[in-house]
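Novice: what follows is a predicted protein model with its sequence.
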Amino acid sequence: GAVVSQHPSWVICKSGTSVKIECRSLDFQATTMFWYRQFPKQSLMLMATSNEGSKATYEQGVEKDKFLINHASLTLSTLTVTSAHPEDSSFYICSAISGTGVTDTQYFGPGTRLTVL
Amino acid sequence: SQKIEQNSEALNIQEGKTATLTCNYTNYSPAYLQWYRQDPGRGPVFLLLIRENEKEKRKERLKVTFDTTLKQSLFHITASQPADSATYLCAQGGGGGNKLTFGTGTQLKVEL
């Protein structure tokens, strides 16, 4: 089956620093990738939709200048949390789809646990 | 605005019984609903998709129903096993661009 990886699996950083998270589709080309954030005991909240070669589309309330998304190739998207603060501590999960159909399955990565001190 | 609600935060059942999880939506009927399994500290894993015009879908021990009158989807696991213990997420799709809106999930625990 389709595999999506994320790196790193966890990261601890100081307040004010930037952190980059990678999302890769290992055995398929991802036309679209999604970035989600999940707080403890809460649902996945979509942050942005990323299409290869174009600017990401951010959900309402998500600061695009704080959460920089780059989808440089069909197998790689990156999320950079700039000037991270403790309230940005969360579980960040990416997903990828390979087709353009309405009901294409999203394959999720294992997630990245970010802790900002 | 549309909400996806999974009423039970947690559900404990005995091994061998059928687990039934509920997903309700508040307003318009979504084009499709998807069910995912999420283990602690891991990303969700896709299980089943059911479209608005389908009443039931099955996959091995899993069954999903979609009732547009009740605005509800039910997710059943028959002959449950301790390995089925996880959080199960319901997600609404069809909102454009393959976007999904997730419910908060139901944590299922299957006890021996």
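Specialist: Arrived safely, thanks for sending.
Novice: the nearest residue to residue B:43 once chain neighbours are set aside pairs with what?
Specialist: Closest residue to residue B:43 apart from its sequence neighbours, by CB to CB, 6 or more residues apart in numbering or on different chains: residue A:108 at 3.5 Å. C-betas here are computed from N, CA, C, even on glycine. Legend: beta-bridge partners of residue A:108 under DSSP bridges are residue A:95.
Novice: number of nearby residues for residue A:108?
Specialist: By other CB atoms under 10 Å in any protein chain shown, 24 other residues sit near residue A:108.
Novice: got it, and residue B:35?
Specialist: 23.
Novice: wait, what's in contact with the residue nearest to residue B:43?
Specialist: Listed by CB atoms under 8 Å, 6 or more residues apart in numbering or on different chains, the contact partners of residue A:108 are A:4, A:93, A:94, A:95, B:36, B:43, B:44, B:45, B:46.
Novice: what's the closest of these to residue A:71?
Specialist: Taking CB to CB as the measure, residue A:71 lies nearest residue A:94 of the contacts of residue A:108, at 10.4 Å.
Novice: for the residue lying closest to that closest one once chain neighbours are set aside, give me its contacts.
Specialist: Leaving aside its chain neighbours, residue A:94 sits nearest to residue A:23 (3.5 Å; criterion: CB to CB, 6+ apart). Going by CB under 8 Å, 6+ apart, residue A:23 touches A:4, A:5, A:6, A:33, A:35, A:76, A:77, A:78, A:79, A:94, A:96, A:109.
Novice: contact partners for the closest residue to chain A within chain B?
Specialist: Proximity of chain B to chain A (CB to the nearest CB) peaks at residue B:43, 3.5 Å away. Applying CB under 8 Å, 6+ apart to residue B:43 gives the contacts A:4, A:6, A:93, A:95, A:108, A:109, A:110, A:111.
Novice: make it 7 Å
Specialist: Going by CB atoms under 7 Å, 6 or more residues apart in numbering or on different chains, residue B:43 touches A:93, A:108, A:109, A:110, A:111.
Novice: helix, strand or coil for it?
Specialist: coil (DSSP: H, G, I helix; E, B strand; the rest coil).
Novice: mean confidence score for the helix or strand residue A:6 falls within?
Specialist: In the assignment (DSSP states H and E), residue A:6 maps to strand A:4-7. Taken as a whole, strand A:4-7 has a mean pLDDT of 96.
Novice: so what touches that strand?
Specialist: A:21-26, A:94-96, A:107-112.
Novice: ok, of these, which come out buried?
Specialist: A:21-25, A:94-96, A:107-112 (16 or more other CB atoms under 10 Å in any protein chain shown).
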